[in-house]
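Trainee: model this:
(chains A and B)
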Amino acid sequence: MTNLPAEPAATSDFIRDIVAADLASGKHTHIHTRFPPEPNGYLHIGHAKSICLNFGIARQFGGTCNLRMDDTNPTKEDIEYVESIQADVHWLIGGWADDRLGLKPKGKTPDILTVKGQADFQLPAVTAGARDGLEPFYASDYFDQIYDYAVQLIRAGHAFVCDLSLEDMEKFRGTPDRPGTNSPFRERSVAENLDLFARMKAGEFPDGARTLRSKIDMASPNIWLRDPVIYRIRHVEHHHTGGKWCLYPMYDFAHCLSDYIEGITHSICTLEFEVHRPLYDWILNSLGLPRSLPRQIEFARLNLGYTVMSKRKLMQLVEEKLVTGWDDPRLPTISGLRRRGVPASALRTFAATIGVTKFNALTDVAVLEHAIRTELNATSQRRLAVLRPLKVVLTNLAAGEVIEFEAVNNPEDPAAGTRKIPFTRELYIEQEDFMEVAPPKYFRLRPGGDVRLKYACIIHCDEIVKDATGQVVEVRCTADLESRAGGVNAARKVKGTIHWVSAAQSVAAEVRLYDRLFTEEEPEQGGRDFKSVLNAHSLEVVQARLEPSLADAPAETRYQFERLGYFWPDPKDSQPGRPVFARTITLKDTWVKVAGKA
RNA sequence: UGCCCGAUGGUGUAACGGUAGCACAGCAGAUUCUGAAUCUGCUUGUCAUAGUUCAAAUCUAUGUCGGGCAACCA
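Mentor: Residues are numbered from 1 along each chain as shown, chains lettered A, B, ... in the order given. Okay, the predicted model is just below:
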């Protein structure tokens, strides 16, 4: 039996309260959320919070959560990102909420149904079974329908074609504390608007020549209600629709309608969209749609200490090669965390722990680290590995002698069993586990001192050997073989227990030690350039010695290297027989505190 | 200085007019063949002022502080 941390319990927060109330009141009988990233970058841990929220709600209330590419701006988007997004989402929700994932048949576009005597666009989700033949939703699959809605808006007198240039539009918009003024094109006839809009679609005008604008209120204190642009001309290829369009809807127009078409009940987004909500509602209400409308609810995005979270900054780190790629294990990207060995379940636990509110918070990385350690402590097998080897010679052992000691695989999980580790005359211990001049309370090896070798026996340091520079290069010891488990001196107590490997019977391996990417908790505090506080030691590569059982460690297997931390084979660079390990996270270390105080 | 949103220990989050709780971090101790894990205990909090009420973290008003909004980005 394992002490697996319980799957995050059904939690409650202000959004779940709304959902529960809507179910209780009968407003909805089925809950439908969505996760709608724009494919213009890789997903990060902030998105993970949103994914856990949206899929978590679907899971808790027996609903569905659609994965949708919010791809209305072809100039910034790319197929590479739609692929990485899918991989990241599948990984994060796998085994937890993948049965709630809403997809659609490949190539399918909305159906036209008649609801309450009205034509109505709908695109239902498929959640059951395999993903064969299915794909995510794409806002760009609704371009025909969204165009149709725009025509309806024009017909109803709620939208007009505007010829104002970008600069002029800015002038007419006013400022937050001063109302704007109406566009001179605001009173064009419906017929003229219809004609112009059709010609915009036909490609008769260059980029920026005209826009389609909603007709709301140029004097509104809310800038987003001052006749916002809902369509702009862009003569560019789209990664999903190819060359079909040269006219693309803006986020505000496309998003609410995409939600509606998919039958979304709760459209959850981050705080910066709060001021857009009146526009979201205005569009939906202006169209007189026959089905119940989605409701937008906003929550605070995640801010985590010692990292940066925006796609723009992450992109900068990647493009300037300050990291090795989007999946660099030091990055807070989902693919980076995955490559680092962080389990998806730990990310979910983290998301559940931090909660959901409208308060703009800065979350302590310790919370993330705790979630990772808790999960890994319960599930990973222990192994011995020496990161920075120091040779130990046991003078009372014969050169060819090999003793096999039994080691427990996981003290938290007896079912994990045991394994044998070879013990020989020449060993390696960690350099920092020996000190020639030791401070008080140092429990490890020192001249004339004793220490227990984990799973083996107690050794006594008789002699040290130094090189020409005075560096200790070898420690000569006597082993008390009777202090082994089952021996007469088995009960002998010494203050310290350290890890070790056999010199001859260990394998060499590259081990990558990751640390936080920035030296400051808030890299951009006070407007400073985040790149000026990059941690120069965020990656350290060492040539380590591992116990023999690690020679061909299977992929995807997480270990605790005792007294050091949690490690796993790097998914890209580790080869059978030539392992490369990545450190996911260190163990908590109270000794550094004790030593630091001294 | 226009509009919108927010404020509970060091950090994050609960309490939905009725005993301010939980987690992380920190500190102290127990235990330990991982200075890990585990266990025990402890420190620290309702932004301010006024009001409503038998009773306010919760309701009201004002103020203070913080965040967001003036892309043909999302």
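Trainee: going forward, measure contacts and count neighbours with C-alpha atoms only.
Mentor: Noted.
Trainee: For the stretch 451-598 of chain A, give me the ranges with low pLDDT.
Mentor: A:597-598 (pLDDT under 70).
Trainee: now the strands for it?
Mentor: Counting by DSSP state E, counting those that start in this stretch, residue ranges of the strands within the stretch 451-598 of chain A are A:458-466, A:472-480, A:497-498, A:500-502, A:507-514, A:539-546, A:559-561, A:565-569, A:580-586.
Trainee: Of the ones you listed, flag the one that's most buried.
Mentor: Among the strands of the stretch 451-598 of chain A, the stretch with the highest mean neighbour count (mean count of other C-alpha atoms under 10 Å) is strand A:500-502, at a mean of 28.
Trainee: which residue sits closest to residue A:521, ignoring its sequence neighbours?
Mentor: In space, and not counting its chain neighbours, residue A:521 is closest to residue A:306: 4.1 Å by C-alpha to C-alpha, 6 or more residues apart in numbering.
Trainee: typo on my end, residue A:455
Mentor: Spatial nearest neighbour of residue A:455, chain neighbours left out: residue A:407 (5.7 Å); criterion: C-alpha to C-alpha, 6+ apart.
Trainee: Now do the same for that neighbour: helix, strand or coil?
Mentor: Here residue A:407 is recorded as strand under DSSP: H, G, I helix; E, B strand; the rest coil.
Trainee: That one contacts residue A:416, correct?
Mentor: No. If you go by C-alpha atoms under 8 Å, residue A:407 and residue A:416 don't touch, sitting 11.0 Å apart.
Trainee: near RNA strand B, which residues of the stretch 451-598 of chain A show up?
Mentor: Residues of the stretch 451-598 of chain A lying near RNA strand B by C-alpha under 7 Å from any atom of the strand: A:452-457, A:483-485, A:490, A:493, A:496-498, A:561-564, A:587-591, A:593-594.
Trainee: just checking, residue A:269 touches residue A:297?
Mentor: Yes. Residue A:269 lies in contact with residue A:297 (C-alpha under 8 Å); the separation is 6.3 Å.
Trainee: quick one on the thing from earlier: so which strand or helix has the residue nearest to residue A:521?
Mentor: Following DSSP states H and E, there is no helix or strand that holds residue A:306.
Trainee: show me the contacts for it.
Mentor: A:365, A:516, A:517, A:518, A:519, A:520, A:521, A:522, A:523 (C-alpha atoms under 8 Å, 6 or more residues apart in numbering).
Trainee: leaving aside the residues next to it on the chain, what's closest to the second one?
Mentor: It stands for residue A:516. Nearest residue to residue A:516, sequence neighbours excluded (C-alpha to C-alpha, 6+ apart): residue A:538, at 5.6 Å.
Trainee: pLDDT below threshold where in the stretch 101-250 of chain A?
Mentor: A:129.
Trainee: wouldn't residue A:315 be in contact with residue A:41 here?
Mentor: Yes. Judged on C-alpha under 8 Å, residue A:315 makes contact with residue A:41 at a distance of 7.3 Å.
Trainee: Looking at the two, which one has more neighbours?
Mentor: The neighbour comparison of residue A:315 against residue A:41 (other C-alpha atoms under 10 Å) goes to residue A:41, with 22 against 16.
Trainee: Is it correct that the more buried one is in contact with residue A:311?
Mentor: Yes. With contact defined as C-alpha under 8 Å, residue A:41 counts as touching residue A:311 (6.1 Å).
Trainee: Start and end of stretch A:101-111, how far apart?
Mentor: 20 Å (C-alpha to C-alpha, to the nearest Å).
Trainee: If we go by neighbour counts, what in it is buried?
Mentor: Within stretch A:101-111, the residues scored as buried using 16 or more other C-alpha atoms under 10 Å are A:101, A:102, A:103, A:104, A:105, A:109, A:110.
Trainee: contact partners of it?
Mentor: Under C-alpha under 8 Å, 6+ apart, the answer for stretch A:101-111 is A:55, A:64-67, A:120-127, A:133-137, A:141-142, A:145, A:261.
Trainee: Out of those, name the ones that lie in strands.
Mentor: A:64, A:65, A:66, A:67, A:120, A:121, A:122, A:134, A:135, A:137 (DSSP state E).
Trainee: Can you pull the residues of the stretch 151-300 of chain A lying near RNA strand B?
Mentor: A:163-166, A:169-170, A:173-178, A:207-211, A:221-224, A:228-229, A:231-233, A:249-252, A:271-275.
Trainee: Only the buried subset of these, as a PyMOL command please.
Mentor: Per 16+ other C-alpha under 10 Å, the buried members of those correspond to this PyMOL selection:
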select buried, chain A and resi 163+164+169+173+174+207+210+211+222+223+224+228+229+231+232+233+249+250+251+252+271+273
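Trainee: State the number of residues packed around residue A:184.
Mentor: Residues lying near residue A:184 (other C-alpha under 10 Å) number 11.
Trainee: which residues does it contact?
Mentor: Going by C-alpha under 8 Å, 6+ apart, the list of residues near residue A:184 is empty.
Trainee: do the same with residue A:326
Mentor: A:42, A:314, A:315, A:318, A:333, A:335, A:336.
Trainee: Against RNA strand B, how distant is it?
Mentor: Distance of residue A:326 to RNA strand B, given as C-alpha to the nearest atom of the strand, to the nearest Å: 19 Å.
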